[in-house]
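Undergrad: A structural model of the following input is requested.
(2 chains)
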2 protein chains.
Amino acid sequence: MEGVDHLAHERNKTEFDVDAMKIVWAGSRHAFELSDRMARLVASDPVFRKDDRTRLGRKELFKNTLRKAAHAWKRILELRLTGPCVITEEEAGQLRSFVDEPSFTDLHWEMFVPAIKGQGTDEQQQKWLPLAYKMQIIGSYAQTELGHGSNVQGLETTATFDPETDEFVINSPTLTSSKWWPGGLGKISTHAIVYARLITNGQEHGVHGFIVQLRSLDDHMPLPGITIGDIGMKFGNGAYNTMDNGVSNFDHIRIPRNQMLMRVLQVTREGKCVQSNVPRQLIYGTMVFVRQTIVANASTALSRAVCIATRYSAVRRQFGPQDGGMETQVIDYKTQQSRLFPLLASAYAFRFVGEWLKWLYTDVTQRLQANDFSTLPEAHACTAGLKSLTTAATADAIEECRKLCGGHGYLCASGLPELFAVYVPACTYEGDNVVLLLQVARFLMKTVSQLGSGKKPVGTTAYLGRVQDLLQCCCDVQGAEDWLKPSVVLEAFEARSARMCVACAQNLSKFEKPEDGFAELSADLVEAAVAHCQLIVVSKFIEKLQQDIPGKGVKQQLQNLCYIYALNLLHKYLGDFLSTGCITPKQASLANDQLRSMYSQIRPNAIALVDAFNYTDHYLGSVLGRSDGNVYPKLYEEAWKDPLNDSVVPDGYHEYVHPMLKQQLRNARL
Amino acid sequence: MEGVDHLAHERNKTEFDVDAMKIVWAGSRHAFELSDRMARLVASDPVFRKDDRTRLGRKELFKNTLRKAAHAWKRILELRLTGPCVITEEEAGQLRSFVDEPSFTDLHWEMFVPAIKGQGTDEQQQKWLPLAYKMQIIGSYAQTELGHGSNVQGLETTATFDPETDEFVINSPTLTSSKWWPGGLGKISTHAIVYARLITNGQEHGVHGFIVQLRSLDDHMPLPGITIGDIGMKFGNGAYNTMDNGVSNFDHIRIPRNQMLMRVLQVTREGKCVQSNVPRQLIYGTMVFVRQTIVANASTALSRAVCIATRYSAVRRQFGPQDGGMETQVIDYKTQQSRLFPLLASAYAFRFVGEWLKWLYTDVTQRLQANDFSTLPEAHACTAGLKSLTTAATADAIEECRKLCGGHGYLCASGLPELFAVYVPACTYEGDNVVLLLQVARFLMKTVSQLGSGKKPVGTTAYLGRVQDLLQCCCDVQGAEDWLKPSVVLEAFEARSARMCVACAQNLSKFEKPEDGFAELSADLVEAAVAHCQLIVVSKFIEKLQQDIPGKGVKQQLQNLCYIYALNLLHKYLGDFLSTGCITPKQASLANDQLRSMYSQIRPNAIALVDAFNYTDHYLGSVLGRSDGNVYPKLYEEAWKDPLNDSVVPDGYHEYVHPMLKQQLRNARL
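TA: A predicted model of the protein is given here:
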């Protein structure tokens, strides 16, 4: 059955132009073509094979990652020389992302290089960037410590200026100050940006980054005074175990003064600290950038999981007609649809909000360059909140997709266990999700408190300027189809969020010390922040639909997905909507009816909607999600590759099982 | 700092008698002593060491499991000979459970032996059980097929009676009929109960179990006509990869007629089918048994995760005072409490509902023996629903506990990744959770439809007999403390469930064909079933509190946990409560205030409440959850054991990294 499309009957049902949808998903024709080209390049190269990954022991796995990283770099260099066009940084990044295996190069390109660019002086950039660009040095980013995660101000590593030698002394004073987690640090990086408390003349000056060489460029041995290693196994087979997250301790290591990143604060030859005229807000600009990337990655991870679960739900049959005919495709069950289709809708919703965040970052950057910091707090709150919302939803969704595949989802061959294990750290890194939501809540409370003073809220908080209207508005839905009006949906989400914010603000005001109130009510505040962030996603999806979207039926499908996204949230968070009184139980029940009818409309297009992600079978890495739907023969084939099947009688049988069966165990030494 | 209790300051805060709570948790003094003894026996035996499990490759891991299984059996035999008392089946089971490593023996004792007991004739039991009890044969349970999971009636394997030889011919007619998943089948079992469609004289007679020998008892080679192997890697490091879940195909294998399990249906020498006078309902009795075990296991898995997360939340500090003092323990943050404490409460709630289910099983068994089938449907629905509810909640909770440990929860050393990966199949096996909830819903709809006819609902559905009252009742809570009345909480949950059931029944009645309605409204029906099951858990917790519970302060703590469990559900499913009108938004807000205040009351007792589970550090298997709280030095120590740290310069460096750094890559062959 090789070459047969077992999902052809599904694809024949499609009511829209899939190629046009591919362009919408990719963002532009150019983006589509680039990613399509890079994906195929990687998929066709046997070095990038990854179907054996979950079977490899740690050392083999890691060695294989080194091989792939070197090969990817080689292919990038080749493309630069011979490609139809000069390969850009973006294209190189795409190639790496399709290799789909965490490695030390991620830290090098995504953290080390940007940190030097963002925090290094021009001189420092001129010295270090060419080395990094050519990979003559390999960098890591060493912030987190064994005893200190989210709270950067709690870091213990010190960098003490020694004016006699014009050097900084980097030191790990305690066990808990060991650097812990930095990727690439464990076995590979030659350098790292090490974050440490700056001390000059006996005074502390906050936490700053220092370029520290870790290993010899000749024999790769750690430099004297540096203890360094891998922190051990992490969640899942394959997954992040391809990365050498590391631990390191510094025993009074000396580095030249000019290896402190000094764009914002300079330490002079005498050890005096001088603030530069570069605004500190730049750091927030970088955060906006990093977090918008995380949101984009959330839509990618989620769409991969949804693609696998949707295709397999069409292949898999369970129960059904009693007359002995074929069993029913599980995708036809409403219970399956009501779990799967909201996730499909979320993949698209996160894609579009990610696209918008990219625009927001450009906008913020331009304003920063013009010394306009006015939109920065709102942009910062917005990206923090969306990072939290999308990563938490995506992590849950991947696991839900795994469950939607039934028992076979538990096999590594489904691709879903590894996708989950490799994804979940996103909920913790770059800001723990709950901590970020509290930041959003703080910003919302500030916005509400300033309403009286006439300060007009901007951007995604603009609706709070209409808070009086929103506190009084009544939803006027009378029939299920009234829920298909964008204004109705938007108003319901705005009213919910506004009322939750106002309720929190009122409860906070009952406390004498605001900080006590904030601590006591933090769980409620988190919920208000979530409501606000969901509103952003819904509103950006609706805005997307206002645009001109070419392609037969494409807009119709997106509209359906938008309503599924919004109405499913309304159902899931019904308590919020009802308790703030913005809709009635009867209206909620109508929304539910409408939601069910959307599921029926999406159903025939489900396979085409995941085809539009344009993922190669290599990238998906899932037997269940194969594009041709030929699941069972391939699953069967895959099983025999397990190391346990190398021999018919397993190693250990003679020592341990045979004596048991023959009752010769009692006196055995085990 | 070896030997110091870093959590002593927490334990000093305890307001109740922890030893008394240990007895309550265990169920009785006898149960406590047994489990304490077995846990220590396993923990002190170096063969049962498991801290290296996540670092082992598949073959090594599997061989090690065989070693442990043989050693456990040896210890059991020794105890039988020399122990202070003769070891019972229950004690042997406890010992195996503390070894805490899935293996072929699980299937042997928990599926193979019970199947022969339950479905075999007296003669069959006399022949096979002694062999199984001595482990002279090792059995598996082969039901699931590659293309068929939950739907037993869809199985394809055939067992055709051949009257000429008085044998059954077992055959796998298609690829999708391959047996797939059975534990132990892959490499170890010598026998299996194989489920197949019985065919005699050209007629089908449903699916039945057949005892099939798989491998030679001499050299362990598969018998002719049997293809057999392991199905490959599953989710997680260690975890279920210690189990040889298997695939097998039968090519017209012949077995004697007396190897069909014939307690319920007999096939005569002539190939005629004769129904015995043993009631078919027995099967449901067995299901009640198996599922009550699953509920008990849910509380165990959940409590382990909660124990780890609670202890580490007390050890870990993040942010806090600006004055440079110690950072705040994360357990003191309300956001942490509002996520953690409901899980702690759930662990206790599931424990008590599991205890009650054990009673229910005894009750059902006694009734069955007296030919009283009246309570069976209700007992069956109830266990099906509770299996679904508790396993789904536990799987989510373990992952939530992992997140509550921050970044370090992602390390295998935290124990949580493996606990999650090994637990999640419980949501799928022994009845997919959604399929089970639909069975509950079907039973509820039947119960509601029979209310008019005067048929009185029994057991956990008795409240539906008061449906008229419940449809009209108004919650009379006026202050937060009114939520501490058991009757108020119970009525709110009863009213919510009753109203959801009635609403579903009304909506169903609008469909011409009931089956169409059931399919279309299945998502709503599932929600009604969940509401009903949550009510059961709440009501059994409240019933538990009516009992006499000795020990200073013990009952008070349990009361707090009960209200946390109930009020947190009320908050989480607020949409249900509000839309069915059983409470008002104002009352919901008061419930939330009360919930917050319960968190403060539980807080000083949190560590003692997880100490009461009486888990050894061996069993917990978590550096973060260590009883002495000495987390960071041990985490640091653990890191160096990773295979990657065997050498300073990693394997692969010279081939792949050095050429990159030296820019000699371009012409390299990778």
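
Undergrad: Show me the domain layout of chain A.
TA: Here the domain parsing of chain A from automatic domain parsing is A:138-278, A:283-611.

Undergrad: Return the per-residue confidence for residue A:337.
TA: Predicted confidence (pLDDT) for residue A:337: 98.

Undergrad: Repeat that for residue A:324.
TA: Note on residue A:324: pLDDT of 65.

Undergrad: out of the domains of chain A, nearest to chain B?
TA: When these are compared by Cβ to the nearest Cβ, domain A:283-611 sits nearest chain B, at 2.6 Å. Placement of C-beta: from N, CA and C, glycine included.

Undergrad: What is the top helix by length along chain A packed up against?
TA: Scanning chain A for the helix with the most residues, using DSSP state H, yields helix A:334-369. Judged by 3 or more Cβ pairs under 8 Å, 6 or more residues apart in numbering or on different chains; DSSP states H and E, helix A:334-369 is in contact with helix A:282-315, helix A:376-404, helix A:522-546, helix A:554-572, helix A:585-602, helix A:606-611, helix B:522-546.

Undergrad: what sits up against the fifth one?
TA: Spelled out, it's helix A:585-602. The contact list for helix A:585-602, computed with Cβ atoms under 8 Å, 6 or more residues apart in numbering or on different chains, reads A:334, A:337-338, A:341, A:344, A:475, A:477-484, A:557, A:560-561, A:563-564, A:567-568, A:570-571, A:574, A:577-578, A:583, A:609, B:520, B:523-524, B:575, B:578-581.

Undergrad: which of the residues you listed are buried?
TA: Listed as buried from those are A:334, A:337-338, A:341, A:344, A:475, A:477, A:480, A:482-484, A:557, A:560-561, A:563-564, A:567-568, A:570-571, A:574, A:577-578, A:583, A:609, B:520, B:523-524, B:575, B:578-581; burial here means 16 or more other Cβ atoms under 10 Å in any protein chain shown.

Undergrad: mind checking how far the nearest residue to residue A:26 once chain neighbours are set aside is from residue A:94?
TA: Excluding the flanking residues, the one nearest residue A:26 by Cβ to Cβ, 6 or more residues apart in numbering or on different chains is residue A:32, at 3.6 Å. Residue A:32 sits 12 Å away from residue A:94, going by Cβ to Cβ, to the nearest Å.

Undergrad: Show the backbone phi and psi for residue A:281.
TA: phi -60, psi -20 (degrees, to the nearest 10).

Undergrad: my guess is it contacts residue A:374, does it?
TA: No. Here residue A:281 does not reach residue A:374: they are 10.8 Å apart, not a contact under Cβ atoms under 8 Å.

Undergrad: can you give me the strands in chain A?
TA: Taking DSSP state E, the strands of chain A run over residues A:139-142, A:158-162, A:167-171, A:179-180, A:191-200, A:203-213, A:226-230, A:246-250, A:253-256, A:265-267, A:273-275, A:317-318, A:328-329.

Undergrad: Specify the angle between the longest helix of chain A and helix A:282-315 in degrees.
TA: Angle, helix A:334-369 to helix A:282-315, by axes from the mean of the first three to the mean of the last three Cα atoms, to 10 degrees: 160 degrees.

Undergrad: tell me which residues in helix A:334-369 are buried?
TA: For helix A:334-369, the neighbour count (16+ other Cβ under 10 Å) marks A:334-358, A:360-361, A:364, A:367-368 as buried.

Undergrad: what angle do it and helix B:522-546 make?
TA: Using the same axes, to 10 degrees, helix A:334-369 lies at 90 degrees relative to helix B:522-546.

Undergrad: if we can go back for a sec, neighbour count: residue A:32 and residue A:94, which is higher?
TA: Shown here are residue A:32 and residue A:94; by other Cβ atoms under 10 Å in any protein chain shown, residue A:94 has more neighbours (20 against 17).

Undergrad: Excluding chain neighbours, give the residue nearest to that one in space.
TA: That would be residue A:38: by Cβ to Cβ, 6+ apart, it lies 4.3 Å from residue A:94.

Undergrad: Let's see the pLDDT reported for the one you found.
TA: Residue A:38 is given a pLDDT of 95.

Undergrad: burial of it, as a residue count?
TA: For residue A:38, the tally of surrounding residues (other Cβ under 10 Å) stands at 23.

Undergrad: and if you look at residue A:620?
TA: 23.

Undergrad: Just the pLDDT for it.
TA: pLDDT recorded at residue A:620 is 98.

Undergrad: Could you do residue A:84 as well?
TA: Residue A:84 is given a pLDDT of 53.

Undergrad: now swap in residue A:520 and tell me
TA: You'll see residue A:520 listed with a pLDDT of 96.

Undergrad: Contacts only, for it.
TA: With contact set as Cβ under 8 Å, 6+ apart, residue A:520 has these partners: A:511, B:334, B:596.

Undergrad: follow-up on the earlier one: if I follow the layout properly, the residue nearest to residue A:26 ends up in contact with residue A:24?
TA: No. Using Cβ under 8 Å, residue A:32 is not in contact with residue A:24; the gap is 9.3 Å.

Undergrad: Check the separation of the first and last residues in stretch A:648-663.
TA: 23 Å (Cα to Cα, to the nearest Å).

Undergrad: Can you mark which positions in it are buried?
TA: By 16+ other Cβ under 10 Å, the buried positions in stretch A:648-663 come out as A:649, A:650, A:651, A:652, A:653, A:656, A:657, A:658, A:659, A:660, A:661.

Undergrad: And for stretch A:12-21?
TA: Buried, per 16+ other Cβ under 10 Å, within stretch A:12-21: A:14, A:16, A:17, A:18, A:20, A:21.

Undergrad: any idea which of these is closest to residue B:401?
TA: residue A:21 (39.6 Å; Cβ to Cβ).

Undergrad: what's near enough to touch the closest one?
TA: Going by Cβ under 8 Å, 6+ apart, residue A:21 touches A:551, A:554, A:557, A:608, A:609, A:612.

Undergrad: Could you verify my assumption that the fifth one touches residue A:341?
TA: Which is residue A:609. No. In this structure residue A:609 lies outside contact range of residue A:341 using Cβ under 8 Å: 9.4 Å.

Undergrad: just to revisit the earlier point, please produce TSV containing the domains of chain A, extended by distance to residue B:536.
TA: Converted to TSV, the domains of chain A look like this (distance: least, Cβ to Cβ, whole Å):
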stretch	distance to residue B:536
domain A:138-278	34
domain A:283-611	21
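
Undergrad: quick one: which of the ones you listed is nearest residue B:217?
TA: Comparing those under Cβ to Cβ, the one sitting nearest is domain A:283-611, at 30.2 Å.

Undergrad: What's the end-to-end length of that closest one?
TA: Start-to-end, domain A:283-611 (Cα to Cα) is 39 Å.

Undergrad: remind me which residues of chain A are low pLDDT?
TA: Applying pLDDT under 70 to chain A flags the ranges A:1-2, A:82-87, A:322-324, A:666-670.

Undergrad: now the helices for the stretch 401-550 of chain A?
TA: With DSSP state H, counting those that start in this stretch as the criterion, the stretch 401-550 of chain A has helices at A:416-423, A:433-449, A:467-472, A:486-508, A:514-520, A:522-546.

Undergrad: most neighbours per residue, which of these?
TA: Neighbour counts (mean count of other Cβ atoms under 10 Å in any protein chain shown) averaged over each of those peak at helix A:416-423, with a mean of 27.

Undergrad: and the angle from it to helix B:376-404?
TA: In terms of direction (the same axes, to 10 degrees), helix A:416-423 departs from helix B:376-404 by 40 degrees.
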